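# from the sequence below, what's the structure:
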Amino acid sequence: MGGFRIEARYNIAPGQHILVLRPEQGERIPALATWGLVPSWAPDPASGPRPINARAEGLATKPTFRGAFRHGRCVIPASGFYEWKGSGRTKQPHFIHPVEGGIFVFAGLMDTWRGPEGDLTTCTLITTEPNELMAPIHDRMPVILDPGAISAWLDPGNSRPADLLRPCPADLMEAYPVDPAVGRVQNDGPWLISRALLPLLEP
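Predicted structure coming up:
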């Protein structure tokens, strides 16, 4: 598996490694990328922002993303993601996952910055407007690709990849509140996605 071991993670933070799949000669090749995109043309990885998300609108024209949008499209598999609902000090994290189990396949971009001390491969997740499930929680959501759209997104010959960047149908997803401990990056484990809070929050 490319010389690395895949372990279950329950709380991945920006700046950490995540698993991506990139196209190569018609196959999907696994790789590790640091979450937070550094464009290949950046003078230094520390010289500018390292966005963890990229808005689907305008990817082809924004300097930070347009190169990766043309040549660095990838997918990022995950069993779910967290989002916070509310404002101020009352924010409540939610875990969002496929309603029938399995994984989501997020649309992503990756790029490699090459420097004197070696290469740095980074990535970002693409976001779009929320569906009916996500709208009460947040005003954006990750682009979750339909299984039939994955090959088209990864196809370097696809001249209209932006057509695939739309919200996932809400009926394929479930969201429920989880422990705010997920907000601390050092916390990791299956207990973070426990449904224990549900009885406490029900009216």
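# thought residue 11 was touching residue 192?
Yes - look at residue 11 against residue 192 with Cβ atoms under 8 Å: they come within range, at 5.8 Å. Bear in mind the C-beta positions are built from the backbone N, C-alpha and C, glycine included.
# residues that sit against both of the two, list them.
Between them, residue 11 and residue 192 share these contacting residues under Cβ atoms under 8 Å, 6 or more residues apart in numbering: residue 182.
# where does this protein have low pLDDT?
1-6, 199-203 (pLDDT under 70).
# residue closest to the middle of it?
What sits nearest the mean C-alpha location of the chain, by Cα atoms, centre = their mean, is residue 125, with 3.8 Å.
# what's the helix or strand hosting that one packed up against?
Here residue 125, judged by DSSP states H and E, is contained in strand 118-128. Other elements packing on strand 118-128 under the criterion 3 or more Cβ pairs under 8 Å, 6 or more residues apart in numbering; DSSP states H and E are strand 27-35, strand 53-55, strand 73-78, strand 104-115, strand 141-142.
# which strands and helices lie in contact with the third one?
This points to strand 73-78. strand 17-24, strand 104-115, strand 118-128, helix 150-154.
# mind checking how far the nearest residue to residue 13 once chain neighbours are set aside is from residue 11?
Distances taken as Cβ to Cβ, 6 or more residues apart in numbering put residue 185 closest to residue 13, at 4.2 Å, once the chain neighbours are dropped. Going from residue 185 to residue 11 by Cβ to Cβ, to the nearest Å gives 6 Å.
# could you do residue 35 as well?
Counting by Cβ to Cβ, the separation of residue 35 from residue 11 is 12 Å.
# quick one: which of the two has more around it?
Set residue 35 next to residue 11 and count neighbours by other Cβ atoms under 10 Å: residue 35 wins out with 22 against 17.
# ok, that one - contacts?
12, 13, 14, 15, 16, 17, 18, 52, 122, 123, 124.
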